[in-house]
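1. Here's my sequence, what's the structure:
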Amino acid sequence: MAISKNSIENLKTSTDIIDIVSNYIEVRKAGANFKALCPFHGEKTPSFVLSPTKQIYHCFSCGVGGDVIKFVQEYEKLSFVESVEKIAMLSNFTLEYEEGRDDSSYRAYDVINALFLQYIKDNLKDEHREYLYGRGFTDETIAKFEIGFCPRGADELLGVFAQNFVTMEHVEDIGVMGTFKNRKFCSFSSRLTFPIKNQNGKVVGFVGRDLTGKSKAKYKNSKESKLFSKSSLLYGFDLARDEILQKKKKWLILEEGQIDVQLSYQVGIKNVSALQGTALTQQHIKMIKKLNVKVLLATDGDKAGVASAFKSAVLLSQNNIDGGVAIFKEGSDPADMVAKGKVDELKEIFKKGTKNKLIVFVLDEIAKRYNLHDAFDRSRGVEEAMSFLKSLDAVVGSFYVSYLNKIFNVNCSLVERPIIEPISHKLNTPVAGLEENILYTLSEEPWYVDEFIDILSIDYFKNKTLYEYVINFNMGKINKSGIALLRDICILSKEGLMLGIKELLKKSNRQNIIDFERALEYAKSV
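-> Predicted structure coming up:
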């Protein structure tokens, strides 16, 4: 569904760049223009200028510039269309779409969602508020998340739609109402109901919580439709993204339920979102990666919660997203802790969770599945853990090999070599082994290169090709596509390198610390 060019031009004409940018950063009048600290690079003196007459922005420090659409696109990391829709929402502007793209249906869906949202908010009575107060909600949070109530019966809602000339076909398309035995019913009857919004803050569906205790499903979502797809939505993501972008937060907290998000937000934890009752998907991953953040999985400590966190941790790690896992005791979750006034304890759980790394969590969970006192079962566990590490970025996977060895209590060389293919030319001498260890350490610790480049001249190395590669790679003369050569190096950790040099020192009866050059000279004399 394409937005018409005329509509985009009309939006730009009717929108003031100052008003839109002010939603994201603080701007101040400076003569005929406005100034601000540039949001695209760190600075202490404002060099970011907005022109209300030209409707453009420009940073005289880093050089970025453009119109209002470009600003939203760059600031929120959105596509062009997403940026236009976000500006339209902020400006209360109705976009027009090209003919033949079913735009009339989408406009009808927007009208239906707006009418239904107002309907449930109007029907939130004191008794429903008392229930929410008992769960720890404040009036401000109820209003922020637009929580309402959908009463039993369909006549009143049918009247609302009829008065606004909405067809029942469109109403049933998105699941607000349905038909059973020729009678209309509301999908969210007798439920506390609130909207689900996409990443731009547009209402695309609803979720309702049963208050009767008679329904088998405590929570009910809108049905899958052209607007609503659980696999591409994260509850509260629009608010979390604003918090992360505006306050430069480094973490996105991914909780299990919408109420967890609402009450976490209430106590100032605003970089928080939740899945919509489905597993983490690649669509979710794409949304998260645009924010360039780490992800903290906040999960129940029961079997289902840990299993869900395990799957999410695997997917995040395989997509090169770092993060951690915060596990709550069974029967406890963020919403409960807020309701009980345990906010400091909640924040401490999140803080500890950031240190429980995703990959460590996955390896620990794999190890728990096997009897490590049985050689064959341990072997199967190592095989599964190895398979996981191989599915990651090569450098990341290699980094965690030592932890795998630790928890499975296996020999380092037996585990590491399958991850990195052995070198085609076997070098078994102590000198060759020490050379490889030093070069591998430099490839993993590039900040040592400047210090060692004078000490470790190429004349000391038999494997001169490998030496040149490592030095050039760290000087930026070889791109990352050439990393395959490093995979031919037998991995040993930095600690292994130091142990090797200490062994040489013992043989020489030298007790003082010496540099790498002297160690190599001694090794070649043995």
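
2. mind listing what's buried in the helix or strand hosting residue 127?
-> Counting by DSSP states H and E, the element that carries residue 127 is helix 126-134. The neighbour-count criterion (16 or more other CB atoms under 10 Å) identifies 128, 132 as the buried residues of helix 126-134. For every residue, glycine as well, the C-beta is placed using N, CA and C.

3. for that helix, packing partners?
-> If contacts are counted by 3 or more CB pairs under 8 Å, 6 or more residues apart in numbering; DSSP states H and E, helix 126-134 sits against helix 139-144, strand 191-197.

4. Please identify the most buried of these.
-> Of these, the one with the most neighbours on average (mean count of other CB atoms under 10 Å) is strand 191-197, at a mean of 24.

5. I'd like to check the angle between the next helix or strand after that one and helix 126-134, please.
-> From strand 191-197 onward toward the C-terminus, using DSSP H and E, the following helix or strand is strand 203-210. Interaxial angle, strand 203-210 versus helix 126-134 (axes from the mean of the first three to the mean of the last three CA atoms, to 10 degrees): 90 degrees.

6. Can you give the strand pairings for the helix or strand just after strand 203-210, parallel or anti for each?
-> Remark: after strand 203-210, the chain's next helix or strand is strand 219-221, criterion DSSP H and E. Under the criterion DSSP bridges, strand 219-221 sits next to strand 203-210 (antiparallel) in its sheet.

7. And the contacts of the strand it pairs with?
-> 110, 113-114, 116-117, 120, 150, 174-176, 187-188, 190-198, 217-222, 225, 227-228, 233, 235, 258-259, 276 (CB atoms under 8 Å, 6 or more residues apart in numbering).

8. And the protein, what are its domain boundaries?
-> 5-91, 103-228, 236-356, 364-419, 430-525 (automatic domain parsing).

9. Quick check: which ranges of the stretch 1-150 of the chain have low pLDDT?
-> Counting by pLDDT under 70, the stretch 1-150 of the chain has low-confidence residues at 1, 99-103.

10. For my notes, please list the domains of the chain in a markdown table and give distance to residue 97 for each entry.
-> Shown next, in a markdown table, are the domains of the chain (distance: least, CB to CB, whole Å):
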| stretch | distance to residue 97 |
| --- | --- |
| domain 5-91 | 8 |
| domain 103-228 | 3 |
| domain 236-356 | 22 |
| domain 364-419 | 41 |
| domain 430-525 | 42 |
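
11. so which of these is the most packed in?
-> By mean count of other CB under 10 Å, those have domain 236-356 as the most buried, with a mean of 19.

12. Endpoints of that domain, how far apart?
-> Taking CA to CA, to the nearest Å, domain 236-356 runs 24 Å from one end to the other.

13. Kindly report the same for stretch 384-395.
-> With CA to CA, one end of stretch 384-395 sits 19 Å from the other.

14. picking that back up, ok and the helix holding residue 127 relative to strand 191-197, angle-wise?
-> 70 degrees.

15. where does the stretch 401-526 of the chain have low pLDDT?
-> Using pLDDT under 70, the stretch 401-526 of the chain drops low at 411-526.

16. Off-centre distance for stretch 175-187?
-> 37 Å (CA atoms, centre = their mean, to the nearest Å).

17. which residues touch residue 6?
-> With CB under 8 Å, 6+ apart, residue 6 has these contacts: residue 96.

18. three-state assignment of it?
-> Assigned state for residue 6: helix (three-state reduction, DSSP: H, G, I helix; E, B strand; the rest coil).

19. What are the phi and psi values at residue 152?
-> In terms of degrees, to the nearest 10, the main-chain angles of residue 152 are phi -70, psi 150.

20. do residue 401 as well
-> phi -60, psi -40.

21. Show residues contacting stretch 85-99.
-> 1-4, 6-7, 10-11, 14-15, 19-20, 23, 68-69, 72, 76, 78, 84, 103, 106-107, 200-202.

22. same question, stretch 360-369
-> Here stretch 360-369 has contacts from 306, 309-310, 313-314, 317, 324-325, 381, 384-385, 388, 400, 403-404, 407-408, using CB under 8 Å, 6+ apart.

23. Figure out how far that stretch is from the centre of its chain.
-> Per CA atoms, centre = their mean, the centroid offset for stretch 360-369 relative to its chain is 22 Å.

24. what's the average pLDDT for that stretch?
-> For stretch 360-369, the per-residue pLDDT values average out at 96.

25. any idea how far the residue nearest to residue 39 when sequence neighbours are not counted is from residue 37?
-> Distance criterion CB to CB, 6 or more residues apart in numbering; nearest residue to residue 39, sequence neighbours excluded, is residue 25 at 5.2 Å. Distance of residue 25 to residue 37, given as CB to CB, to the nearest Å: 7 Å.

26. Which neighbours do these two have in common?
-> With CB under 8 Å, 6+ apart as the test, residue 25 and residue 37 both reach residue 48.

27. Right, I'll call it a day here.
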